[in-house]
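Novice: Give me the fold of what follows.
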Amino acid sequence: MKILRWYSKNKRTTYILAVGIALLSLAGIFFYQAKYLKPSYITVRIKGSPGNWWWVTPRPPDWLASAVKVGDKEFNAMNKSIAEITSVDVYDAGGPTKDVYLTAKLDVRYNAQTKKYRYKGEPLEIGGPITLSLGSTFFPGMVVSIAGVSNTPQPYKDITVEVQYKDRWPYEYAAITVGDTIKDGQGIVIAEVLKKERTPAEREAYTSSGEVLRRLSPVLDNFYVTVKLKVRDRDELTVWREEQYIKIGNQLWMLFPHYNISGAFITSIH
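Specialist: Purely as a prediction, here's the structure:
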């Protein structure tokens, strides 16, 4: 009875005590999980972008691409590592921006009921946005693969590709040098020029009677360039530089340090 009488006279105090105890309990649970629970790590692949695939997204600028390094980490409020960069692939995009792909090991929580992961309290989903605070670098991106959820990137393999680069000027041919290479962000050579040839560009000429004649351009050439590429298999497809699919008839964009071969047609694959 005394307790009931005290409660009736001190409802506000009782409410404050109850809220305080609940908040302390939640804080204790959070502290325990953050400090003592064994982390659950998964590996994800991240493409540098503002994060939503439906945007017309600009690529990361070169100064952001160069700021992210293998070994960079993100820490939580308890100074515990929750993300570590294990690989950085940077590709020339033909201007002041770069195509950037990161592989990161993340400390996540798994919901067995929804069968989904959460990182920093947010859903971790393929196609979804993600942000990493890596020391003094803020890196926004989009998740493109999750180990165990989507197909794991396959190791590199070498192939040889021949391309036809049509209607080009002679000075462009002179710029192409056998032995020139393209590297990814880890210094791996992913393209190397093996051979080059050229012939005068072909033209169709029409006579007054409607006859079609084959003629050669006096100024423009067709180039035939043989290149060794490091590619990966993705399902039944062959992919170079993350997003270029290697098929006969497809166009290939190769941005070398001192010149570009843009939109050359693949004519053979070995």
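Novice: can we go C-alpha only for contacts and neighbour counts from here?
Specialist: Fine.
Novice: which stretches of this structure form helices?
Specialist: For the chain, the helices defined by DSSP state H cover 2-9, 11-35, 62-65, 170-175.
Novice: Let me see the mean pLDDT of the longest one.
Specialist: What helix 11-35 shows for mean pLDDT is 58.
Novice: for the shortest one, same thing?
Specialist: For helix 62-65, mean pLDDT rounds to 89.
Novice: quick one: contacts of it?
Specialist: 90, 96, 97, 98, 100, 137, 139 (CA atoms under 8 Å, 6 or more residues apart in numbering).
Novice: switch the cut-off to 10 Å
Specialist: Residues outside helix 62-65 that contact it (CA atoms under 10 Å, 6 or more residues apart in numbering) are 48, 59, 88-93, 95-101, 137-139, 185.
Novice: What residues of it count as buried?
Specialist: 62, 64, 65 (16 or more other CA atoms under 10 Å).
Novice: and those as CSV, adding distance to residue 127?
Specialist: Listed next are the buried residues of helix 62-65 as CSV, based on distance: CA to CA, whole Å:
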residue, distance to residue 127
62, 23
64, 21
65, 20
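Novice: Return the closest of those with respect to residue 154.
Specialist: residue 65 (23.4 Å; CA to CA).
Novice: what about the strands in the stretch 151-270 of the chain?
Specialist: 157-168, 181-183, 189-206, 212-234, 237-240, 244-245, 251-255, 260-269 (DSSP state E, counting those that start in this stretch).
Novice: want to try a markdown table for those strands, with distance to residue 83 and mean pLDDT as columns?
Specialist: Shown next, in a markdown table, are the strands of the stretch 151-270 of the chain (distance: least, CA to CA, whole Å; pLDDT from 0 to 100):
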| stretch | distance to residue 83 | mean pLDDT |
| --- | --- | --- |
| strand 157-168 | 29 | 96 |
| strand 181-183 | 26 | 94 |
| strand 189-206 | 27 | 93 |
| strand 212-234 | 26 | 93 |
| strand 237-240 | 27 | 94 |
| strand 244-245 | 29 | 94 |
| strand 251-255 | 32 | 94 |
| strand 260-269 | 36 | 94 |
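Novice: Residue 128: which of these is closest?
Specialist: Comparing those by CA to CA, strand 212-234 comes nearest, at 20.5 Å.
Novice: between the closest one and strand 251-255, how many degrees?
Specialist: Per axes from the mean of the first three to the mean of the last three CA atoms, to 10 degrees, the angle that strand 212-234 makes with strand 251-255 is 70 degrees.
Novice: and strand 212-234 with strand 189-206, angle?
Specialist: For strand 212-234 against strand 189-206, the angle by the same axes, to 10 degrees is 160 degrees.
Novice: buried ones in strand 212-234?
Specialist: Buried residues in strand 212-234, counted by 16+ other CA under 10 Å: 220-232.
Novice: Inside strands: which ones of the contacts of helix 62-65?
Specialist: Counted as lying in strands by DSSP state E, out of those, are 48, 88-92, 98-101, 137-139.
Novice: List just the nearest of the residues you listed to residue 164.
Specialist: Of all the ones in strands among the contacts of helix 62-65, residue 164 sits closest to residue 92, with 21.4 Å by CA to CA.
Novice: number of nearby residues for the nearest residue to that closest one once chain neighbours are set aside?
Specialist: Closest residue in space to residue 92, ignoring its immediate chain neighbours: residue 98 at 5.2 Å, by CA to CA, 6 or more residues apart in numbering. A total of 22 residues lie near residue 98 under the criterion other CA atoms under 10 Å.
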